[in-house]
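> Just to be clear, the model below is a prediction. Sequence and coordinates:
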Amino acid sequence: MKALKTIIIIIFIFALGGGVYYWYFYVQNPTVDENGEVVSPFEFSPFGRNTVVNQPVSQGPSDTTAEPEAPSRPNEPLKLPKLRQLSLAPVAGMSASSTASSSVVRFMDRGTGHVYEMDDISNTARKLSNTTLPKIYESYWNRNLNALVLRYLRDETDTISNFYAELRSTGTSTSETPYEIKGKYLSPDISQIAISPQGNKVFTWNIENNKGVGYTAAFDETGRVKVADTPLTQVIIDWPEANTVTVATKASAAASGYFYSIDIRNGVMKKIAGSIRGLTGKLSKDATKLIYSSGNLNTIRTFLVNVKDSSSEEVIFRTLADKCIWSALRKSEVYCAVPSEIPDAIYPDDWYSGKVSFIDQIWHLDAATGEVHLLANLLDLSDKLMDATDLALDPNENYLYFINKRDLTLWSLDLNQ
């Protein structure tokens, strides 16, 4: 009889222990597989159990319910989408820098003048400065992203002011915004600004005595050197190559346009393209090739020009050259935002004035081989209407940045995905 009681007690202890084991390991702390599914208690792994990873929930503006993202594996870097929205509010310009492991972009809020920073390994923007400078329309950054030239409307007027700004440390390590903006006003005659390829100087187009005068200078306007003096006043400028700046007449379908290069060493001005209605153009980073577009009623055509012999050929896609950016690492390659269709309008006038907008794709063209590739359909990737402008590349050319002309928000496209 005692032996029977002893056996019953032993069976009860084992049963109780098994119940406690099941409750602790599978009810309180359920095992999950690599896909985030709860594993049956009978699928026991002798090498331990996984833990449930709490993931952030993403929710779009029109979502009524949100589904959790798939859990990441331990020590796995955050997987960011190919196309990312970097700002929620309109921006007034941006610039990017790169290290061996990452890229960083800084941009300025158009309404407040606050400066933000975002890298390619996180999904959160960091505010660097809360110095308020309202109604910023343009910002031009140096290569170190610590100084810039601003153009904005001053004192509730229609007068555009030019301001040199530096991001200076507040000296407070605990501050949420470690920098403040300090600087000085620049010449009020400046109407256009372009940054040197090295990111350490500016080329400005000044209106002086009803003439256009071009200067190179440091960002704060010191060391200014005159390189051009012409009757042209309404122009678009660029600085694509160390010794070459470009000046193009502002484009309109109602007038013939001209595109010039200027050698800043001697001031020699050379016409590269001209007598073309609606002409806009971008010179390559080695100053050997020009991509340009012409416009008219319901028409856009895009061409490539060999600067050396002036030969040209039409590009397979149709877009405005203002929507293109040449590679600095592979000098024959160019990236363009290309409309999926061309709405009826007068080009480029109606696009500049905002009467018409595009729905863009991103294309890559190798001018040396003629090969073209579709890199991204922006509508498919974002479910948003994208009219990309102000294209830019980080120094390592891993990311293509652009501003959506429809709402002036900043976006990045991962070129390696």
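Noted; the coordinates are in hand.
> Poorly predicted segments of the stretch 51-200 of the chain, please.
51-78, 173-174 (pLDDT under 70).
> all strands for it, in order.
83-85, 91-98, 103-109, 115-119, 126-129, 136-141, 147-153, 160-169, 179-185, 190-195 (DSSP state E, counting those that start in this stretch).
> mind putting those strands in a markdown table, mean neighbour count included?
Glycine gets a C-beta too; all of them are placed from N, C-alpha and C. Formatted as a markdown table, those follow (neighbours: other Cβ atoms under 10 Å):
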| stretch | mean neighbour count |
| --- | --- |
| strand 83-85 | 17 |
| strand 91-98 | 21 |
| strand 103-109 | 23 |
| strand 115-119 | 20 |
| strand 126-129 | 18 |
| strand 136-141 | 20 |
| strand 147-153 | 21 |
| strand 160-169 | 18 |
| strand 179-185 | 16 |
| strand 190-195 | 19 |
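> Including distance to Pro343, could those strands go into CSV?
Listed next are these as CSV, based on distance: least, Cβ to Cβ, whole Å:
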stretch, distance to Pro343
strand 83-85, 23
strand 91-98, 26
strand 103-109, 29
strand 115-119, 33
strand 126-129, 38
strand 136-141, 26
strand 147-153, 30
strand 160-169, 31
strand 179-185, 40
strand 190-195, 29
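> State the helix or strand in which the residue nearest to Val225 when sequence neighbours are not counted lies.
Among residues not flanking Val225 along the chain, Thr216 sits closest, at 5.1 Å (Cβ to Cβ, 6 or more residues apart in numbering). Using DSSP states H and E, Thr216 falls within strand 211-217.
> and that strand, what other elements does it pack with?
If you count contacts as 3 or more Cβ pairs under 8 Å, 6 or more residues apart in numbering; DSSP states H and E, strand 211-217 packs onto strand 202-208, strand 225-230, strand 244-249.
> Apply 7 Å and report the result again.
Strand 211-217 sits against strand 202-208, strand 225-230, with contacts defined as 3 or more Cβ pairs under 7 Å, 6 or more residues apart in numbering; DSSP states H and E.
> Quickly compare these and say which is most buried.
Stretch with highest mean neighbour count among those: strand 202-208 (a mean of 20; mean count of other Cβ atoms under 10 Å).
> so that strand versus strand 136-141, what angle?
In terms of direction (axes from the mean of the first three to the mean of the last three Cα atoms, to 10 degrees), strand 202-208 departs from strand 136-141 by 140 degrees.
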